[in-house]
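Student: I would like to see how this sequence folds:
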Amino acid sequence: MTPENEVEILLVEDNPHDAEMTLRALKKHHLANKSYHVKDGVEALAFIFATGPYVDRDRANRPKLILLDLKLPKLDGLEVLRKIKSDEDTKVIPVVVLTSSKEERDIVETYKLGVNSYIVKPVDFDKFVEAVSQLGLYWLLLNHAPP
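Tutor: Coordinates of the predicted model:
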């Protein structure tokens, strides 16, 4: 992992297998050098807003991309997304929901809250790796985010 102040990708994922696959896919395409993994919604918000165990992190050094699972312990992904997109400083961070939920209400609600993309995790490992790789390439290399 990287020091918290150099993060480009913040992965918010409680499933260790899915987290490992995601990080492996990013690493395969040289996109994981500056990634950081948190396991629940409370830790995600603490990281993003530099509170609690991350109080010494420079909040101005925001992740360039947040990969967010919806079904999280302590605080679900919808609430995390709601807080990110309602804050003036963090609402410009691209958030991609990467989840197993195909529920229409989840898709609609996340877009209402301002998600940038909603992707259902492919079950097949190779397809999963390809999907995550494409995500990283697009959001880190092709997309032009505001300063």
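
Student: roughly how far out does stretch 88-104 sit from the chain middle?
Tutor: Between the centre of stretch 88-104 and the centre of its host chain there is 7 Å, according to C-alpha atoms, centre = their mean, to the nearest Å.

Student: mind checking the pLDDT average for it?
Tutor: Summarised as a single mean, pLDDT over stretch 88-104 is 91.

Student: list the contacts of it.
Tutor: Contact with stretch 88-104 is made by 13, 22, 48-49, 59, 62-71, 77, 81, 84-85, 106, 110, 114-121, 132, 135, 139, 143, 145-146, as judged by C-beta atoms under 8 Å, 6 or more residues apart in numbering. Glycine gets a C-beta too; all of them are placed from N, C-alpha and C.

Student: of those residues, buried ones?
Tutor: Neighbour counting over the contacts of stretch 88-104 (16 or more other C-beta atoms under 10 Å) leaves 13, 22, 48-49, 62-70, 77, 81, 84-85, 106, 110, 115-118, 121, 132, 135, 139 as the buried ones.

Student: sketch out the low-pLDDT regions of this structure for me.
Tutor: Along the chain, the parts satisfying pLDDT under 70 run over 1-7, 31-32, 141, 147.

Student: element containing Lys102?
Tutor: Using DSSP states H and E, no element contains Lys102; it sits outside every helix and strand.

Student: what's the answer for the one 10 residues further on, then?
Tutor: Per DSSP H and E: Lys112 is located in helix 104-113.

Student: name the residues of that helix that are buried.
Tutor: So for helix 104-113, counting by 16+ other C-beta under 10 Å, buried means 106-107, 110, 113.

Student: partner strands of the next helix or strand after it, parallel or antiparallel?
Tutor: Using DSSP H and E, the helix or strand that follows helix 104-113 in sequence is strand 117-120. Neighbouring strands of strand 117-120 in its sheet, by DSSP bridges, are strand 95-99 (parallel).

Student: count of neighbours near the nearest residue to Leu72 once chain neighbours are set aside?
Tutor: Closest residue to Leu72 in three dimensions, ignoring its sequence neighbours and counting by C-beta to C-beta, 6 or more residues apart in numbering: Gly41, at 4.5 Å. A count of neighbours around Gly41, defined by other C-beta atoms under 10 Å, yields 24.
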